[in-house]
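Colleague: just need the structure, nothing else, for what follows:
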Amino acid sequence: MLLMIIITAASFLLLKAVKTSPAALDKTTAAALAEAKEALIGYASTYRDDGHPNEVFGYLPMPDLGTSRNNGPLGEGNAAANFTGNTKNMTVIGRLPWRKLGIPALRDSQGECLWYAVSGSFQNASKANVLNWDSLGHFEVYSSNGTPAGTVSTTGTNSSQRPVAIVFSAGVALPGQNRQASTTDTVTECSGNYDARNYLDSFSADASINNIVNYFAGTANNATGYAYSLTNSADGSQLSAVALASPKKIISGDITTSVGKIVNDKILVITADDIFKRIKLRSDFAIDVNDLLSSTPISPGSTITLTSYLNSQAPLSLPTRTPGTTGSDDVYNMCKSIPYKTNCWDKLTPRQQNFLTNWHDNLFYTNLASPTQITIDGVLTVNPCNAVLIFGGERTVRTVAPLVAQTRAVSTEKSDATMYLEGGNATSFPNGTAYSGNSFYNAATPAADIAVCISP
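Modeller: Modelled structure (predicted):
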């Protein structure tokens, strides 16, 4: 009996040691971060299904900013509403809105609820003018060994890979951080308060990690960031050169300096590609694209498409591409402006209008010098075309030298056909005549061009 007691006690102590080992703790944190990431991607990729029937997919919820700051009667764990001072393209940090996501209050290995940051380009409270698969994240992630020279970006040089959202494990409190109960917010599940500086590191800017801190200074609860300026106010996926060069820096890992540990945040990032990898497989996303470009409407309630409208015009009434542009604004603005609005914009469904607004920078339009046949699905069109309309697919590798990744961040890239179009289209646009493409969007080939013959 005594031997059995000794063996049982030893087994219990061994099991406890294993469960609280660093590896086990890291596994707990990693699992919580992964579940949060999956829930956020699920939210973005089903946004239309959750009470937003005419919106595009991709929006992310606001963080939980506390019951005193626009969570109101919804309570802890819900996403904040559009608070005073929030603007388009403003980045916000707070707690993970677990209740809004329909999941439990996720905790890291230290029992702390997770935190969450969302780029202004993807937040759903004050929506950017444009949201599509080229919209840029506002974060750049760094790691460090505790010396300025050891602080390096882990994001890479391609700005399209910058995170659009980040989930944080705050870990144990570090010196200076105060996690006492809030006096302004009702916190019954996660405990503590909503001041990001008390959870996300480092508490004070430290020159050894180039003064990177995982929160914003000078705002309520250090939660609200600056709004990125845009080169073109009508295009939320296009940043100014200054904004592009100044992302919000985030640092992660266990970083110890001569004063002790100053960073212990663990993070998991979400990119635009993570979100649209899911969205582009949806059958209704294909319908959205095709319902603008097909010759006849597809969706219930649609009476026209952008193509059918252009084909209803007399040749001399077609929009003329502005030199040096992709022509997308010429088509978009013509559809919305008087006297065309009544027969174009007003006849599109709200869903078509929203999709055209958010995705029109993926359209390329040009007039042909003389009516010419183009190739659709490998076959020459029956009628010659007065103009061509092309939907450039998702980013891939340029098909003309240099064979680098397509990037669509600044104005020079967004007006460069080689950053959108493939093969002969990339070299023909805008003044050539050799155009080709598929007749419909297909999720199996999302980078393929969709070409339309405009033959009034």
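
Colleague: ok, residue 126 - how many residues close by?
Modeller: A count of neighbours around residue 126, defined by other Cβ atoms under 10 Å, yields 17. (Each C-beta comes from the backbone N, C-alpha and C, glycine too.)

Colleague: give me the secondary structure label for it.
Modeller: At residue 126 the chain is in coil, as set by DSSP: H, G, I helix; E, B strand; the rest coil.

Colleague: was I right about it contacting residue 83?
Modeller: No - between residue 126 and residue 83 there is no contact under Cβ atoms under 8 Å: 9.2 Å.

Colleague: I'd like to know which helix or strand in the chain has the lowest mean pLDDT.
Modeller: helix 2-19 (a mean of 48; mean pLDDT, DSSP states H and E).

Colleague: right, and residue 226 touches residue 90 too?
Modeller: Yes - counting by Cβ under 8 Å, residue 226 touches residue 90, with 7.2 Å between them.

Colleague: the more surrounded of the two?
Modeller: residue 90 (22 against 16).

Colleague: that one pairs with what?
Modeller: Beta-bridge pairing for residue 90 (DSSP bridges): residue 227.

Colleague: tell me how far it lies from residue 271.
Modeller: 20 Å (Cβ to Cβ, to the nearest Å).

Colleague: over to residue 306?
Modeller: In terms of Cβ to Cβ, residue 306 sits 29 Å off from residue 271.

Colleague: check residue 55 too.
Modeller: 21 Å.

Colleague: and residue 347, by the same measure?
Modeller: In terms of Cβ to Cβ, residue 347 sits 36 Å off from residue 271.

Colleague: can you map out the helices along this structure?
Modeller: For the chain, the helices defined by DSSP state H cover 2-19, 22-45, 98-101, 241-244, 272-279, 283-293, 306-311, 328-336, 350-359, 411-414, 423-428.

Colleague: for residue 220, find the nearest of those helices.
Modeller: helix 98-101 (20.2 Å; Cβ to Cβ).

Colleague: what helices or strands is that closest one leaning on?
Modeller: helix 22-45 (3 or more Cβ pairs under 8 Å, 6 or more residues apart in numbering; DSSP states H and E).

Colleague: what sits up against the helix it packs on?
Modeller: 18, 50, 57-61, 96, 98, 100-103, 106-110, 114, 116, 122, 165, 167, 169, 171, 266-268, 270, 274-275, 278-279, 282 (Cβ atoms under 8 Å, 6 or more residues apart in numbering).

Colleague: if we use 7 Å, what do you get?
Modeller: 18, 57-61, 96, 101, 103, 106-109, 114, 165, 167, 169, 266, 268, 270, 274-275, 278-279 (Cβ atoms under 7 Å, 6 or more residues apart in numbering).

Colleague: same check on stretch 81-90?
Modeller: Contacts of stretch 81-90 (Cβ under 7 Å, 6+ apart): 65, 69-70, 120-121, 125-129, 224-225, 227-228, 230, 236.

Colleague: what's the answer for stretch 193-211, then?
Modeller: So stretch 193-211 is contacted by 65-66, 93-95, 115, 144, 146-148, 151, 168, 170, 174-182, 185, 213-215, 221-223, 251, 255, 257, 262-265 (Cβ under 7 Å, 6+ apart).

Colleague: if I look at residue 402, what pLDDT would I see?
Modeller: For residue 402, the pLDDT comes out at 92.

Colleague: what about it, how many residues close to it?
Modeller: Neighbour tally, residue 402, other Cβ under 10 Å: 7.

Colleague: fine, thanks again, bye for now.
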